[in-house]
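Participant: show me the folded form of this:
(chains A, B and C)
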Amino acid sequence: MMNERVSRTSTARPDAGALLAWYDRHHRDLPWRVSPPMAKQGVLPDPYHIWLSEVMLQQTTVQAVKAYFDKFVRRWPTVNDLAAAPVEDVMAAWAGLGYYARARNLKKCADAVASDHGGIFPDTEDGLRALPGVGDYTSAAIAAIAFNRPSAVMDANVERVISRLYAIDAPLPGAKPQMKARVAEMTPADRPGDFAQAMMDLGATTCTPKRPSCVLCPFREACVALLADDPERFPVKAPKKAKPVRQGAVFVAVSSKGRMLLRRRPDKGLLGGMTEVPTTDWTARIDGASGSDAAPFAADWQPKGTVIHVFTHFELRLSVYLAVDIAETDDRGWWAPLETLADQALPTVMKKAIEAAIPHVFRVPKG
DNA sequence: GAGCCGTGGTA
DNA sequence: TTACCAAGGCT
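Facilitator: Down below sits the predicted model:
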């Protein structure tokens, strides 16, 4: 034919079938997932497992989530078990995973499902979207994966795949609606749950941010960014702001009975509802060390160096002080035996500070 | 819409 | 080392 108007300015249409075939061969085996052969026989996963994993996976890597998912399911096998648990236990179990509002909302959501829905998760996107901690992405993901509904599921992986497939120049997050419309038109009525998981697996393992493995991609003949030989240019994002530096001091007090003074942070805000050692406010950096004059009480505070911890929107430099053989008179918190520190709801920054004051204290054996 | 909200892995 | 990024939601 004479239809040689350039080799191929137009590309093949993205084929959901090709992606599903790729998924059948290259899917990841994950603890909460039903494998493709089972899924094709109509086996659906436990909605509780999918909900729990999806909340844990928000802005968090699969690698980090696996151990926490196993721990939660072992300890609370059903959503009713989680609803019956004290929120303090849930926060302590979540400690280290970050974004602690997720843990508070996880508990609220479990309570709502147990109380208002008889322990049964809603099976529609709108019904799920009304639950605490379940937003646009998570409601669509649960509806698709746990209930096989044809929801348009779009996370950061899918955004990357779609932005490259169509070479979308508009920057995120403004381009989200445009991208989601593309996802919706691609989502098949058959196997929508596997399709959603396939898109995310593809983004995580093949259509990676750097050096994507385009030669292995089921969309390689349709991808406009690859045709232009520059997949790494997408997705386009707004530039990020520099992180300011804040500083403060923390005070690790150990009593003559071998217990450490701990407190509970306010429910709202940074590390909300989590456990801390007494600390100053974390303020914009000032010249000169903050010193031990801001300690919760007078004692022989010994400087134990500085801990640097990077949060999402600022870097924190904490001066660590230690005092020992203290009388347990401070009642603005509780005195915890050192061998129980591992059971406390201590976020990572606090564990780092405590470890700086007392090396290896988290390995003090019980009994 | 934009800022807030953790942590650990990777290049 | 620095920078980027991860199955986002809430206000």
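
Participant: and residue A:215, that one's in a helix?
Facilitator: Yes: assigned with DSSP: H, G, I helix; E, B strand; the rest coil, residue A:215 falls within a helix.

Participant: report pLDDT for it.
Facilitator: pLDDT recorded at residue A:215 is 96.

Participant: just the one 4 residues further on next, same as before
Facilitator: Note on residue A:219: pLDDT of 97.

Participant: what's the answer for residue A:290, then?
Facilitator: Value for residue A:290, per-residue pLDDT: 59.

Participant: now residue A:257
Facilitator: Looking at residue A:257, its pLDDT is 97.

Participant: quick one: contacts for the nearest residue to it once chain neighbours are set aside?
Facilitator: Computed as Cβ to Cβ, 6 or more residues apart in numbering, the closest residue to residue A:257 that is not its neighbour in sequence is residue A:328, at 6.6 Å. C-beta coordinates here come from the backbone N, C-alpha and C atoms, glycine included. Going by Cβ atoms under 8 Å, 6 or more residues apart in numbering, residue A:328 touches A:255-257, A:259, A:335.

Participant: in those residues, find the pair that's most separated.
Facilitator: With Cβ to Cβ as the measure, no two of the contacts of residue A:328 lie farther apart than A:256 and A:335, at 10.5 Å.

Participant: tell me how far the residue nearest to residue A:257 lies from residue A:253.
Facilitator: 9 Å (Cβ to Cβ, to the nearest Å).

Participant: repeat for residue A:316
Facilitator: According to Cβ to Cβ, residue A:316 stands 20 Å off from residue A:253.

Participant: same question, residue A:163
Facilitator: Noted for residue A:163: a distance of 52 Å to residue A:253, by Cβ to Cβ.

Participant: show me what contacts residue A:245?
Facilitator: Residue A:245 makes contact with A:284-285, A:314-317, according to Cβ under 8 Å, 6+ apart.

Participant: just checking, which of these belong to strands?
Facilitator: A:284, A:315-317 (DSSP state E).

Participant: tell me the least confident of these?
Facilitator: Lowest confidence among the ones in strands among the contacts of residue A:245: residue A:284, with 74.

Participant: wait, that one touches residue A:248, no?
Facilitator: No: look at residue A:284 against residue A:248 with Cβ atoms under 8 Å: they stay out of range, at 10.6 Å.

Participant: the more surrounded of the two?
Facilitator: Ranked by neighbour count (other Cβ atoms under 10 Å), residue A:284 and residue A:248 place residue A:248 first, with 16 against 9.

Participant: pretty sure that one sits in a strand.
Facilitator: Yes: according to three-state DSSP, residue A:248 belongs to a strand.

Participant: wait, it touches residue A:281, no?
Facilitator: Yes: look at residue A:248 against residue A:281 with Cβ under 8 Å: they come within range, at 6.3 Å.

Participant: and the contacts of residue A:328, which are buried?
Facilitator: Neighbour counting with 16 or more other Cβ atoms under 10 Å marks A:255, A:259, A:335 as buried within the contacts of residue A:328.

Participant: show me what from the stretch 251-367 of chain A comes close to DNA strand C.
Facilitator: Applying Cβ under 7 Å from any atom of the strand, we find that the stretch 251-367 of chain A lies next to DNA strand C at residue A:312.

Participant: now the stretch 251-367 of chain A, which segments are flagged as low pLDDT?
Facilitator: Residue ranges of the stretch 251-367 of chain A with pLDDT under 70: A:285-290, A:367.

Participant: for it, what spans make up the helices?
Facilitator: Secondary structure of the stretch 251-367 of chain A by DSSP state H, counting those that start in this stretch: the helices cover A:348-357.
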